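> would you be able to build a 3D model of this:
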Amino acid sequence: MSCITHLSENIAKNTALVGQWLASQNAKELTFEQDATAEFPDTVGEPNVEKARLAILDDTKTLHDLIAGPGEVLRRICWGSVDNSAQQCIYHFNVLGAVPLDGGATYDEISTKTNLSTSQLKALVRQSATNRVLREDDPEHVVHTASSALLLKDPAMMDWYGHTVEEMFPAGAKLAQALENTAATKVSAFGLAFGTHEPIYTFLEKHPARQARFFGAMEGVGRDYGHSLEHIVNGYPWAQLQNATVVDVGGSSGFMSVALAMAHPNLIKVIVQDYKHTIEEGAAQLPSNLVGRVSFMAHDFFNQQPLAAADVYIMRHVCHNWSTDNCAKIIANIAAVMSPQSKLLLVEVVVLPSNQEESSVAERYMRNLDVAMLQMLNTQERSESEWREVVRSADTRLELTSFVRPKGSWDSIIEISMKE
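Here you go, the predicted model:
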């Protein structure tokens, strides 16, 4: 049996399984029309369905690339920069907002709202339509697709889209130039793109509109089930803690702390630490039933931790933003006040060797994330051995006691304890 025949048979088998499951759930028909659901139906608790879904994604991509041939695969990669250029223009000129969800718009109408010519708009929209973002329903009229409509309906997704094309895309174009600089304090690709020697977070502090979009983008990233807070809430033995105090270091507006406190009443005191203006926003949004259990504190994690002997200190997606030396400093500032029973949890990606991820979807996501960190922050995601080195560098009294990656999660929960 030929490879492509085998692939096609697997695709047919798994598509039948997924189709039967969708029918059993009375799921809405899968479509590219603008009233489609935002995400594929939740397969949590259905491991066979999710396995089949991932196999379809893997096998259809493999079949596509085999039928396209090596040359066409390379050409598609090379043309990828044009995909990003078109999306950047569509975002920058608010083309999406110029097309009403109800009824669409003519190119002349869009031109009036965006100050782009109709010929420029046609080039951008028609290229974007190849990626199912906007489409023509006749040669002079544009309507939304499911993906473009989602951007208008979901502010966090729009912020993620905007951050990708307005910050990440320009930074990516400078990565090779940044890597040529071998100085110890070299400027990141982001720094080269935006003319700054400051880290991205310091830069964003001085540009409130960009910072607000970045915070929204991080909320949008969190919508991905792989980054769901569910994995943290259910992936660690919180129930074994008695009347526990948890310190959420670099916890933004406290969304993780809220989820933990809601799920685990035994966490009687949860403190969120971050920038002053960020925690003020979090405090203003705190559910009334958590007042008194969840509190907020302004704190710079490059200074010594002010709350000693907490049961758990937790940092989610903090250390991956920093160099090994800076990570060690952040951890050391917490280690200095840990009790013998305290735990420090890092919720971070743990990089695996090539082709050891669950699917090609996971493989591509992890590799993209690794390079994104390199271009934006001059850092990278870390392997298990690299995380062990960070902890060893921080404080020799510390040891890594477990790595747990919950099923379906991009992140692992790394537990750090004081040596006995």
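
> Ser252 contacts Gly216, correct?
No: taking contacts as CB atoms under 8 Å, Ser252 lies outside contact range of Gly216: 11.6 Å. Heads up, the C-betas are built off the backbone N, CA and C, glycines and all.

> these two - which one has more neighbours?
For Ser252 and Gly216, the more surrounded residue by other CB atoms under 10 Å is Ser252, and the numbers stand at 22 against 19.

> quick check, that one in a helix?
No: counting by DSSP: H, G, I helix; E, B strand; the rest coil, Ser252 is not found in a helix; it is coil.

> which ones are touching it?
Phe215, Met218, Val272, Asp274, Thr278, Gly282 (CB atoms under 8 Å, 6 or more residues apart in numbering).

> where does the protein have low pLDDT?
Across the chain, the ranges flagged by pLDDT under 70 are 1, 182-185.

> could you rerun that using 80?
Along the chain, the model assigns pLDDT under 80 to residues 1-2, 182-186, 221-223, 358.

> show me the strands in it, by range?
Using DSSP state E, the strands of the chain run over 105-106, 135-138, 141-143, 244-249, 267-274, 294-298, 312-316, 343-348, 398-404, 412-418.

> format those strands as JSON lines; extra columns: distance to Ile4.
Formatted as JSON lines, the strands of the chain follow (distance: least, CB to CB, whole Å):
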{"stretch": "strand 105-106", "distance to Ile4": "42"}
{"stretch": "strand 135-138", "distance to Ile4": "30"}
{"stretch": "strand 141-143", "distance to Ile4": "35"}
{"stretch": "strand 244-249", "distance to Ile4": "50"}
{"stretch": "strand 267-274", "distance to Ile4": "52"}
{"stretch": "strand 294-298", "distance to Ile4": "55"}
{"stretch": "strand 312-316", "distance to Ile4": "43"}
{"stretch": "strand 343-348", "distance to Ile4": "39"}
{"stretch": "strand 398-404", "distance to Ile4": "39"}
{"stretch": "strand 412-418", "distance to Ile4": "36"}
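
> can I get those strands in a markdown table including mean neighbour count and distance to Val361?
Formatted as a markdown table, the strands of the chain follow (neighbours: other CB atoms under 10 Å; distance: least, CB to CB, whole Å):
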| stretch | mean neighbour count | distance to Val361 |
| --- | --- | --- |
| strand 105-106 | 16 | 34 |
| strand 135-138 | 13 | 25 |
| strand 141-143 | 21 | 29 |
| strand 244-249 | 23 | 30 |
| strand 267-274 | 23 | 31 |
| strand 294-298 | 19 | 35 |
| strand 312-316 | 24 | 22 |
| strand 343-348 | 23 | 20 |
| strand 398-404 | 16 | 21 |
| strand 412-418 | 20 | 18 |
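
> closest one to Ile56 among these?
Ile56 sits nearest to strand 135-138 of all the strands of the chain, at 24.0 Å, using CB to CB.

> report the distance from the closest one to the chain centre.
Once both centres are worked out by CA atoms, centre = their mean, to the nearest Å, strand 135-138 turns out to sit 32 Å from its chain's centre.

> likewise stretch 409-420?
Worked out by CA atoms, centre = their mean, stretch 409-420 lies 20 Å from the chain centre.

> and stretch 381-401, by the same measure?
Taking mean C-alpha positions (CA atoms, centre = their mean), stretch 381-401 and its chain are 24 Å apart.

> how about that stretch: buried residues?
Within stretch 381-401, the residues scored as buried using 16 or more other CB atoms under 10 Å are Glu381, Arg382, Trp387, Val390, Val391, Ser393, Ala394, Asp395, Leu398, Leu400.

> identify all contacting residues around it.
Under the criterion CB under 8 Å, 6+ apart, residues 319-320, 324-325, 327-332, 335-336, 344, 346, 348-352, 366, 369-370, 373, 403, 414-419 lie in contact with stretch 381-401.

> only whichever of the residues you listed are buried, select them in PyMOL.
The PyMOL command for the buried members of the contacts of stretch 381-401 (criterion: 16+ other CB under 10 Å) is given here:
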select buried, resi 319+320+324+327+328+329+330+331+332+335+344+346+348+349+350+351+366+369+370+373+414+415+416+417+418
